[in-house]
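*Asks:* Sequence below, structure please.
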Amino acid sequence: MTAMKPLADRVVVKPSLAEEKTKGGIIVPDTAKEKPVWGEVIAVGPGRISDDGKSIPMEVKVGDRVLYGKYSGTEVTLDNEELLIMRESDIFAIMPKK
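*Replies:* You can find the predicted model right below:
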């Protein structure tokens, strides 16, 4: 999906789209939409190196649907696509596939 290759324990996430309607059918205006807190991993780094020089592999992989903090990561735009770059430690959980 992306030619971006994150370094160390960083992950590139494509955030989910904010909800357009509430469950009751009310349309939510752009100014009132919540920032998404889950998205899909589209690239992962090789993992970090521990203090004793051992490689610690990543727990998340490309295609995982993840839950992360509301203000986690750095927002970047690549090819007109909004993405987040964050450390693996900013990810709270791997969500089950829909």
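*Asks:* what's near enough to touch the most centrally placed residue in the chain?
*Replies:* Among the residues of the chain, the one closest to the centroid is residue 13, at 3.0 Å (Cα atoms, centre = their mean). With contacts taken as Cβ atoms under 8 Å, 6 or more residues apart in numbering, residue 13 has the following neighbours: 39, 40, 41, 42, 66, 68, 73, 83, 84, 85, 86. In short, each C-beta sits where N, CA and C put it, glycine included.
*Asks:* Downstream of the helix or strand hosting it, the next helix or strand is which one?
*Replies:* With secondary structure defined by DSSP states H and E, residue 13 is part of strand 10-15. Per DSSP H and E, the first helix or strand lying C-terminal to strand 10-15 is strand 38-44.
*Asks:* Output the contacting helices and strands for that next one.
*Replies:* In terms of contacts (3 or more Cβ pairs under 8 Å, 6 or more residues apart in numbering; DSSP states H and E), strand 38-44 is packed against strand 10-15, strand 65-68.
*Asks:* mind listing what the closest residue to residue 10 other than its chain neighbours touches?
*Replies:* Nearest residue to residue 10, sequence neighbours excluded (Cβ to Cβ, 6 or more residues apart in numbering): residue 45, at 4.8 Å. The contact partners of residue 45, by Cβ under 8 Å, 6+ apart, come to 5, 6, 7, 8, 9, 10, 11, 58.
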